[in-house]
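In: the following block contains a protein sequence and its predicted model.
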Amino acid sequence: MSKFWSSMVKRTVPYIPGEQIDQKDILKLNTNENPYPPSPKVTDAIKTELARGINLYPSPTVEQLRDAIASYNQLAKENVFVGNGSDEVLAFSFMAFFESGKAIRFPTVTYSFYPVYCKLFDIPYEEVPVQRDFSLQVEGFFQSEGGVIFPNPNAPTGVFLSLDDVASIVEQNSEQVVIIDEAYVDFATESAVSLIQTYPNLLVVQTTSKSRSLAGLRIGYALGQPELIEGLTRIKDSFNSYTIDRLAIAGAEASFRDKSYFKETTQKILQTRSWVSDELKQLGFHVIPSQANFIFVTHYKESATYLYQQFKKIGVLVRHFNKHPINNYLRITIGSDQDMKLFLTKAAQVLQ
Ligand code: PMP
């Protein structure tokens, strides 16, 4: 390999996603998908769009979907950027707002894509240690050199940072962009979207993959003041005029126009999260209080590696991260009540 290419390759550290096994008899609780189907209006809209024909290109500016997302969030279309899953929106955000030579900050325990993007785009970073209970050290994010990013609720812990603390981090970085990755926010108490009109340096990134049951459609979006949105659009236009396909646009738009459906399924998941947390405590697990559609647990007796392997042997997939300080924890997605009853039976079996 020539010197040039080998140095380019050194800049990539591929992200390792959760296992995707297409097998019907697996209890899949490892990648935080929603156990419920999306709103029937979503499937109707996709069918209608398909009948209309997909021989024509989609709208490059995704006007209708941006309108629907804006009106759901009481914002304007100019406050909305749409991408192919929030992973793509995050990648564009790193390119648009963070630069080489200026270190950004994120927590030591966080979404593992951030260091991957830093390496790829040559952005230095500093990790701010989380506290013993996994909550964030708010002051550690003040006065960053190059910007801040963290998920709220955090991933993979589910720990939520109050809006007052989020606001103080945004205020204390007024010259940099602060990105709040709200992939799981619909399962939490409040969103930083209400802060957008106050702070021009705040970008909120959300997704339809979790609460809206549309992980397969790949729609993520960013909300912020028009200047930030324009910055993202410039990056997108340098890559691809049509990032979102017609079927995904139609489906996601229908989801945002249907305000009640996803709230019902979200409510069900919150109820399930609550009773499953109680039951897991009875089985000897320490459960970190979660505001997401997953729970992060460690067992008083058995190691997470052992439990992960035993679960896998009997057809249960949960997530295990082999990284200090979370290597003795498992992340378990909240499925339907039926899924979770089965999971608890299997957990009791493994722990016998
Ligand atoms: N942010 C966080 C914190 C996540 O956990 C995920 C899901 N892996 C994403 C972003 C990306 O979600 P998607 O690309 O499906 O929108």
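Out: On my side now, so go ahead.

In: close to the ligand: what parts of the stretch 201-350 of the chain are there?
Out: 207, 209, 215, 220 (C-beta under 6 Å from any ligand atom). C-beta coordinates here come from the backbone N, C-alpha and C atoms, glycine included.

In: switch the residues you listed over to TSV; also include neighbour count, secondary structure and pLDDT.
Out: Listed next are these as TSV, based on neighbours: other C-beta atoms under 10 Å; DSSP: H, G, I helix; E, B strand; the rest coil; pLDDT from 0 to 100:
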residue	neighbour count	secondary structure	pLDDT
Thr207	25	strand	98
Ser209	23	coil	98
Ala215	17	coil	98
Gly220	24	strand	98
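
In: next, the distance between the ends of stretch 240-260.
Out: End-to-end distance of stretch 240-260: 34 Å, with C-alpha to C-alpha, to the nearest Å as the criterion.

In: can you tell me if stretch 96-109 touches the ligand.
Out: No. With C-beta under 6 Å from any ligand atom as the measure, stretch 96-109 is seen stopping short of the ligand, the closest distance being 10.9 Å.

In: okay, buried residues for that stretch please.
Out: In terms of neighbour count (16 or more other C-beta atoms under 10 Å), stretch 96-109 has its buried residues at 96-99, 104-109.

In: now for the residues of the stretch 201-350 of the chain next to the ligand: which two are most distant?
Out: Ala215 and Gly220 (10.5 Å; C-beta to C-beta).

In: for the nearest residue in space to Tyr117 that is not next to it in sequence, phi and psi?
Out: Nearest non-adjacent residue to Tyr117, counting by C-beta to C-beta, 6 or more residues apart in numbering: Phe94, 4.4 Å away. Note on Phe94: its backbone torsions stand at phi -60, psi -40 [degrees, to the nearest 10].

In: return the residues in contact with Phe94.
Out: Taking C-beta atoms under 8 Å, 6 or more residues apart in numbering, we find Phe94 in contact with 117-118, 121, 123.

In: at 10 Å instead, please
Out: Contacts for Phe94 (C-beta atoms under 10 Å, 6 or more residues apart in numbering) come out as 104, 113-114, 116-118, 120-121, 123, 147, 149, 179, 235.

In: how much space between it and Ala222?
Out: 12 Å (C-beta to C-beta, to the nearest Å).

In: try Ile179
Out: Per C-beta to C-beta, Ile179 is found 8 Å from Ala222.

In: need the overlap of contacts for the two.
Out: 89-90, 93, 203-205, 228.

In: what about the helices in the stretch 201-350 of the chain?
Out: Assigned by DSSP state H, counting those that start in this stretch, the helices in the stretch 201-350 of the chain fall at 226-237, 246-257, 261-282, 304-313, 337-351.

In: which of the ones you listed sits most buried?
Out: The highest average neighbour count among the helices of the stretch 201-350 of the chain, using mean count of other C-beta atoms under 10 Å, belongs to helix 246-257 at a mean of 23.

In: end to end, how far does stretch 322-337 reach?
Out: Start-to-end span of stretch 322-337 (C-alpha to C-alpha) is 29 Å.

In: I'd like the residues of the stretch 201-350 of the chain next to the ligand as JSON lines, with distance to Glu253 appended.
Out: JSON lines is the format used below for those (distance: C-beta to C-beta, whole Å):
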{"residue": "Thr207", "distance to Glu253": "15"}
{"residue": "Ser209", "distance to Glu253": "16"}
{"residue": "Ala215", "distance to Glu253": "17"}
{"residue": "Gly220", "distance to Glu253": "15"}
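
In: what's the closest of the residues you listed to Pro35?
Out: Ala215 (11.4 Å).

In: which residue packs closest to that closest one, ignoring adjacent ones?
Out: Ser209 (3.9 Å).

In: same question for Phe160.
Out: Gln291 (3.9 Å).

In: burial check on the one you found, number of neighbours?
Out: Number of residues near Gln291 (other C-beta atoms under 10 Å) recorded here: 20.

In: partners of Tyr125 in the sheet?
Out: Ile104 (DSSP bridges).

In: tell me the contacts of it?
Out: Taking C-beta under 10 Å, 6+ apart, one finds 98, 103-106, 114-115, 117-119, 144, 146-147, 149 in contact with Tyr125.

In: let's see which of the residues you listed end up in strands.
Out: Of the positions in the contacts of Tyr125, 104-106, 149 sit in strands, assigned by DSSP state E.

In: what is the nearest of those to the ligand?
Out: For the ones in strands among the contacts of Tyr125, the closest approach to the ligand (C-beta to the nearest ligand atom) belongs to Ile149, at 9.9 Å.

In: can you name the element that comes right after the helix or strand bottoming out on mean pLDDT in the chain?
Out: In the chain, no helix or strand scores lower on mean pLDDT, DSSP states H and E than helix 3-9, which sits at a mean of 62. Per DSSP states H and E, helix 3-9 leads on to strand 27-28 as the next helix or strand towards the C-terminus.
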